[in-house]
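Chemist: everything below, folded, please.
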Amino acid sequence: MNVLQGWVVALSLSLPLAAEADSRLQAVMQRLQAGETITLATIGGSITTGYAAQPPREQGWAALLARALGPRVKLVNAGVSGTDSAAAVQRLQAQVLAAEPDLVITEFGVNDEWLDPAVRGSSYEALLRRLLTASKPPAVVVLALTQQGNQPRAAPDLQLGLAAHYGLTALDFGRWMQARVDAGQDRWAALYDEPVHPNGTGHQRIAQALAETLRAAASASTAAAGPLPAPRFGRAHEFTRLFTGESLQPYGQHGFTRGGPVHPEWPGQQPGWQTTADDAEASFLAWGSEVAVFHAESHDFRNLEARVDDGPWVTLRGDVPERRGYLGWHYTVVGRDLEPGIHLLHVRVKHDAWAGSGRPASLLAVMQAGLFPKDARPSAFERRPLTDTPAGLVAVDDPQLRWVGRIGPASAGERLLSWSGSELRARFTGRELSLRFASRHWGTAHYAVEVDGQHQVLSVPGQASGEWRWRAPLADGTHELRLIKRTEAGMAEGLFLGLRLAPDARLLAPPPARRLRLMFYGDSITAGACLGDPGEDQYDDLFFHDGTRAYGAQTAARLGADYVGIAVSGIGITATWGEQLMPQVWNRLAPRLDAPVVADDRAPDVIVVNLGQNDHGFPASKGRRMAADFGMRYLAFVRELRTRYPQARLVLMIGGMTAWRDEPALPKALQDAVATLRAEGDTRVWSLTLQAFAWAHPRLDVHTRMADELTGFLQQEVLR
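Modeler: Numbering: from 1, shown residues only. Now for the predicted structure:
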């Protein structure tokens with residue numbers, strides 16, 4: 001093969017598989033040829049920074065390419081050593097898109113080989129999709145690099161496949177170079193002084209191949225850009241959140257201090273958290289369906305370990321002997337396939353051979369993906385129309401179903417699910433499951449559905465009906481189902497119409513009843529309003545509001561108890577942001593005056609009342625004081641509870657927000673009520689003021705601390 005033939009082969013490996021150049025790229029190159037100025041942005045790892053060229057930023061492939069294309073090219077080099085495409089999507093907006101580039105070249109073929117294989121497809125595809133859907137979409141070229149000798153190729157081949165999927169121009173440099181080697185025109189050894197990073201000659205070859213690729217695209221035939229195709233690896237990494245510097249704040253920690261190495265090539269990078277203590281630990285709020293920690297690794301660091309919620313501990317490998325003399329960086333996934341909402345990330349020093357060594361351990365950032373907006377949120381369920389086909393149907397009044405909470409009686413083939421925390425428990429065989437609902441309200445009702453410990457969210461739009469089928473086939477054997485209403489009663493009501501199993505499946509005896517029953521009366525705090533909101537408090541998207549993870553439900557779970565939640569946002573004893581007061585709806589099947597009064601229900605063992613926030617907050621918003629007769633009316637409400645549930649233990653509680661701090665009359669009214677009842681001989685009543693609070697609605701971290709306090713109080717004082 002002669003030199004000309006080699007270049008023809010090389011260029012054929014550079015253009016899209018459809019043999020038509022990207023029309024955006026052609027337009028950019030034609031503008032450049034016409035004398036216009038264009039902005040070229042490059043994003044990648046250390047090879048993009050120019051590592052191993054001397055000096056790197058002036059003699060790396062990005063700078064060489066910009067000069068080769070002419071003086072009208074303005075270069076924005078967003079290379080950051082040691083980063084992969086998972087970190088790239090976190091920095092894309094600030095470091096690339098903010099410059100409004102005309103052309104972007106991506107380079108992650110080498111570093112993505114070290115990225116978790118379960119991540120690299122989603123993260124790299126999201127990088128392309130975010131570029132192509134930017135407010136000013138640039139032309140995008142995929143530079144697929146390999147290490148010396150054109151191996152390994154898992155990441156480059158994946159990236160080339162995605163380039164073809166999106167109709168983008170790509171340069172497979174490994175094949176380009178191998179063609180030159182096979183033609184006797186070049187040697188791999190001339191391009192590398194070590195296996196990973198090309199030397200100065202290697203950077204020249206990359207720039208040469210890219211320049212020829214771009215110039216060829218200017219005159220190639222093109223097809224009009226069509227709509228963005230469906231993603232191959234999901235969309236989680238299109239929706240990211242980065243906590244670093246001042247935004248990386250633990251809600252609880254001991255043993256960690258601000259500090260540790262920062263990435264010198266990451267603009268504006270601030271220190272994270274570091275420690276030399278063996279027992280150091282920290283907890284952070286996190287959001288999304290994937291949570292990862294970005295941390296340094298070297299030969300003299302300690303290992304950390306982390307987990308999300310109650311998931312398994314994952315090692316954050318800081319001790320990497322092969323990094324001797326060189327500081328590296330790693331994206332370690334701690335939790336994946338999570339509910340795309342709020343989570344608790346726990347980090348601690350790993351107890352291993354380096355205990356007591358005084359070595360540092362550090363983390364720099366928490367990187368989150370999969371915080372989907374409403375219109376892009378994935379679902380594990382497929383909605384189908386309601387049918388009367390009898391195969392596999394289980395009626396709502398089947399005695400093998402176990403119901404927990406204040407739930408409407410079975411009538412006309414349906415049960416009313418209004419109060420958050422309302423729960424269905426069942427056991428069954430078979431590989432299929434569908435849940436049948438009809439909404440009787442304008443709001444979307446969100447349900448937590450748990451099958452064999454696998455948690456999903458099912459959303460039933462307002463004024464809708466249907467059968468929601470679990471998409472993935474279940475395993476063979478016996479399964480356990482929990483269906484729990486997340487959305488508070490005033491925001492959405494649903495009618496449960498039964499469930500459908502596989503035709504050959506059987507409904508089995510339900511899980512055993514729990515021995516303890518806790519009932520909570522409260523407002524938005526108890527309802528879990530805004531518990532998972534990623535920004536300010538809001539009521540537009542109730543997906544992030546979750547009564548199943550509020551402090552009361554957490555407390556019941558820790559005690560192995562049934563949970564019954566009677567809670568309404570804005571409600572109080574003497575004042576309300578809504579239409580009803582708690583004394584008007586406390587004993588009804590829904591928080592409305594036309595809802596039936598509960599005729600009979602299983603008596604609770606413990607009743608917790610957490611009311612008063614709105615009795616202070618609503619009048620305060622109008623410049624008024626709390627009602628002077630609050631204490632009297634509060635006591636009257638507690639007497640009604642005592643009359644209905646004479647054997648229950650009563651805990652009169654205030655906490656979670658700031659009313660008890662702003663208005664001392666609130667905790668005093670609770671204490672006075674307890675004193676009055678005890679003076680009358682009622683010894684089964686207590687008061688409690690929780691110290692955990694938030695200035696706005698509490699998020700999951702505050703709810704967890706509230707549950708810590710309440711659980712301890714119940715165990716030590718009430719349930720002895």
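Chemist: count of neighbours near Leu677?
Modeler: Burial of Leu677, expressed as a neighbour count using other CB atoms under 10 Å, amounts to 19. C-beta: built from backbone N, CA, C; applies to glycine.
Chemist: pLDDT-wise, which helix or strand of the protein ranks last?
Modeler: The least trusted helix or strand in the chain, going by mean pLDDT, DSSP states H and E, turns out to be helix 3-12, with a mean of 35.
Chemist: quick one: contacts for Arg558?
Modeler: Arg558 makes contact with 707, 711, according to CB atoms under 8 Å, 6 or more residues apart in numbering.
Chemist: pick out the residue closest to the middle of this protein.
Modeler: Note on the chain: the residue nearest the mean C-alpha position is Gly288, at 0.9 Å, using CA atoms, centre = their mean.
Chemist: isn't Lys384 up against Trp470?
Modeler: Residue 384: Arg, not Lys. No. Arg384 lies out of contact with Trp470 (CB atoms under 8 Å); the separation is 11.6 Å.
Chemist: now do the shared contacts for the two.
Modeler: Ser434.
Chemist: among those two, which residue is more densely surrounded?
Modeler: Trp470 (20 against 13).
Chemist: okay, and the beta partners of that one?
Modeler: As for beta bridges, Trp470 partners with Phe381 under DSSP bridges.
Chemist: just Met653 next, same as before
Modeler: The residues listed as beta-bridge partners of Met653 by DSSP bridges are Asn610, Leu688.
Chemist: tell me, how many neighbours does it end up with?
Modeler: Around Met653 there are 29 other residues, counting by other CB under 10 Å.
Chemist: next, the contact list for it, please.
Modeler: Contact partners of Met653, counting by CB under 8 Å, 6+ apart, are 608-610, 670, 687-690, 710.
Chemist: switch the cut-off to 10 Å
Modeler: Listed by CB atoms under 10 Å, 6 or more residues apart in numbering, the contact set of Met653 reads 520-522, 526, 551-552, 608-612, 660, 667, 670, 686-690, 706, 709-710, 713.
Chemist: quick one: it from Val181, how far?
Modeler: Separation of Met653 from Val181 (CB to CB, to the nearest Å) stands at 75 Å.
Chemist: now Tyr124
Modeler: In this structure, Tyr124 lies at 27 Å from Val181, with CB to CB as the measure.
Chemist: ok, these two, which is more surrounded?
Modeler: Tyr124 (28 against 17).
Chemist: pretty sure that one is touching Val89, no?
Modeler: Yes. Contact between Tyr124 and Val89 holds when scored by CB atoms under 10 Å: they sit 8.7 Å apart.
Chemist: which SS state does Ser357 fall under?
Modeler: Here Ser357 is coil, with the state taken from DSSP: H, G, I helix; E, B strand; the rest coil.
Chemist: my read is that it contacts Thr276, right?
Modeler: Yes. Taking contact to mean CB under 10 Å, the distance of 8.5 Å between Ser357 and Thr276 places them in contact.
Chemist: mutual contacts of these two, please.
Modeler: Once CB under 10 Å, 6+ apart is applied, the residues that Ser357 and Thr276 both contact turn out to be Arg302.
Chemist: spit out the residues that contact Tyr124 and Val89 alike.
Modeler: Taking CB under 10 Å, 6+ apart as the criterion, Tyr124 and Val89 both touch His237.
Chemist: before we move on, the earlier item: if I pick the residue nearest to the centre of the chain, what's in contact with it?
Modeler: Taking CB under 10 Å, 6+ apart as the definition of contact, the neighbours of Gly288 are 236-237, 239-241, 308, 335-336, 338-343, 367-372, 534.
Chemist: list the contacts of Pro138.
Modeler: 24-25, 28, 38-41, 96-97, 99-105, 131-132.
Chemist: what count of nearby residues applies to Asp309?
Modeler: With neighbours defined by other CB under 10 Å, the count for Asp309 comes to 17.
Chemist: assign Ile607 to helix, strand or coil.
Modeler: Here Ile607 takes the strand state, with states given by three-state DSSP.
Chemist: pull up the gap between it and Ala692, please.
Modeler: From Ile607 over to Ala692 the distance is 21 Å, taken as CB to CB.
Chemist: more crowded one of these two?
Modeler: Ile607 (25 against 18).
Chemist: pretty sure the more buried one contacts Pro646?
Modeler: No. Counting by CB under 10 Å, Ile607 stays clear of Pro646, with 11.4 Å between them.
Chemist: list residues touching both of these two?
Modeler: Arg684.
Chemist: quick one: mean pLDDT for the helix or strand where Ser123 lies?
Modeler: Assigning secondary structure by DSSP states H and E places Ser123 in helix 117-132. Along helix 117-132, the predicted local confidence has a mean pLDDT of 98.
Chemist: how far does it sit from the chain's center?
Modeler: With CA atoms, centre = their mean, to the nearest Å as the basis, the distance from the averaged C-alpha position of helix 117-132 to the chain average is 17 Å.
Chemist: again, but for stretch 36-55
Modeler: For stretch 36-55, the distance to the chain centre is 32 Å (CA atoms, centre = their mean).
Chemist: how about stretch 583-597?
Modeler: The offset between the C-alpha centroid of stretch 583-597 and the centroid of the whole chain comes to 36 Å, using CA atoms, centre = their mean.
Chemist: and if you look at stretch 346-358?
Modeler: Its chain's C-alpha centre lies 27 Å from the corresponding centre of stretch 346-358 when counted by CA atoms, centre = their mean.
Chemist: in it, what counts as buried?
Modeler: By 16 or more other CB atoms under 10 Å, the buried positions in stretch 346-358 come out as 346-350, 354.
Chemist: ok, these vs Ser379, which is closest?
Modeler: When the buried residues of stretch 346-358 are compared for distance to Ser379 (CB to CB), His346 comes out closest, at 28.3 Å.
Chemist: hey, where'd the helices end up in the stretch 551-700 of the chain?
Modeler: Taking DSSP state H, counting those that start in this stretch as the criterion, the stretch 551-700 of the chain carries its helices at 551-558, 582-585, 613-621, 630-644, 659-662, 665-679, 700-713.
Chemist: same thing with the stretch 301-450 of the chain?
Modeler: Counting by DSSP H, counting those that start in this stretch, the stretch 301-450 of the chain forms no helices at all.
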